[in-house]
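Trainee: What shape does this take:
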Amino acid sequence: MSLPDRIREEARQLGFDKVGFARAVRLDEEEPRLLQWLSSGYQGTMTWMDRTKEKRADPRLVYKDALSVVSVAVNYYTDAQHGKGGETGKISRYAWGDDYHDLLSDRLGKLLERIKKISPGADGRVYVDTGPVMEKAWAQRAGIGWVGKHTNLITTDIGSWIFLGEILLNIELEYDQPATDHCGSCSLCIEACPTGAIVEPYVLDSTKCISYLTIEYHGAVPEELGGKFDNWVFGCDVCQDVCPWNVKFQRPGSVGGFAPRPWNLDPPLGDLSSMTADEFRERYRHSPVKRAKPEGLRRNAALNLQQHHHEVNKHGKK
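Mentor: This is a model prediction of the structure:
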């Protein structure tokens, strides 16, 4: 077996659904789009994205010996469904189970160790949404999938319910062909976005995105946006739920750690809005939800309760 084939086999044994390889070079095509996005202020309060823009454009500024980028993808989809609303909240699918940072980092670390044994002298760095590495750009260059109009990565065989990770390697490999775009004329994600955050195909204004507002943003949510949360208290899956590639190809993944924790499927908004810091820490230990912090989750739940009561009073029904 060639070195890339051996790495693919090791990756499959570790539970990765897809793996691809790209040459570690400056992202000359993607960099102008990144700079335009930042200059438009679409990053909101995520100021670290601007501070690290040079590193994001060139992996060799992250790891100076990088010659190759190994991109991996893991399917996290399950057959469970979100609640029906009312006085229960909705949490994005990716946060239903254990923290993907921990699960993928551990497996990628093991993959790097196996690569070192296969190829003496090999070394690298592992990244899972934890550093200035443009994961979706590298996944597209490595042939895993393409960045869709909703700015999530889409694959032709398992859709977009995937986590991404990378290893920056100091050795050369045989590289995959970049994935091509298959969105075509479809605009369902743009039309379905509750807050109009997809301001044009392939461009997301984070400051309008429910995922950003419920997770990263810690200020007062503008009324015109908070009234459109539709019970989302952490993240939002609307643009992925309507994507035809998901409707046709989504299927449960094999990683048990991503299975929903029971309390994440229909969390009562009243309970969330009054949750103490200790209760938050206990419930969301080793969970992506901890990023929202207790005050953020309480705020999100309260906004949704307020909107629900407004609708009840408006229509005279429960």
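
Trainee: Test my guess that V19 contacts E10.
Mentor: No: contact criterion CB atoms under 8 Å: V19 and E10 do not qualify, at 9.0 Å. Just so you know, the C-beta spots here come from the backbone N, C-alpha and C atoms, and that holds for glycine as well.

Trainee: the more surrounded of those two?
Mentor: Neighbour totals were compared for V19 and E10, and V19 leads with 24 against 18 (other CB atoms under 10 Å).

Trainee: Distance check, the more buried one against D79.
Mentor: Remark: distance between V19 and D79 (CB to CB, to the nearest Å) = 25 Å.

Trainee: Please apply the same query to Y217.
Mentor: From Y217 over to D79 (counting by CB to CB), the distance is 31 Å.

Trainee: just the CA coordinates of stretch 185-201, formatted as CSV?
Mentor: Output in CSV follows, covering the C-alpha atoms of stretch 185-201 (Å, rounded to 0.1, in the frame of the first residue of the first chain):
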residue,chain,number,x,y,z
SER,A,185,-29.2,26.7,-8.7
CYS,A,186,-30.6,25.6,-5.3
SER,A,187,-31.2,28.4,-2.8
LEU,A,188,-33.3,26.6,-0.2
CYS,A,189,-30.8,27.3,2.7
ILE,A,190,-30.9,31.0,1.8
GLU,A,191,-34.7,31.1,1.7
ALA,A,192,-35.1,29.1,4.9
CYS,A,193,-32.7,31.1,7.2
PRO,A,194,-35.0,32.7,9.8
THR,A,195,-32.9,35.9,10.2
GLY,A,196,-31.6,36.3,6.6
ALA,A,197,-28.1,35.7,7.8
ILE,A,198,-27.0,34.2,4.4
VAL,A,199,-26.8,37.6,2.8
GLU,A,200,-25.7,36.2,-0.5
PRO,A,201,-24.7,32.7,-1.7
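
Trainee: Need the residues that contact it.
Mentor: 42, 148-151, 183, 204-206, 208-210, 225, 228-230, 236, 238-244 (CB atoms under 8 Å, 6 or more residues apart in numbering).

Trainee: Would you confirm that G83 belongs to a helix?
Mentor: No: under DSSP: H, G, I helix; E, B strand; the rest coil, G83 falls outside any helix and is assigned coil.

Trainee: residues near it, how many?
Mentor: Neighbours of G83 (other CB under 10 Å): 15.
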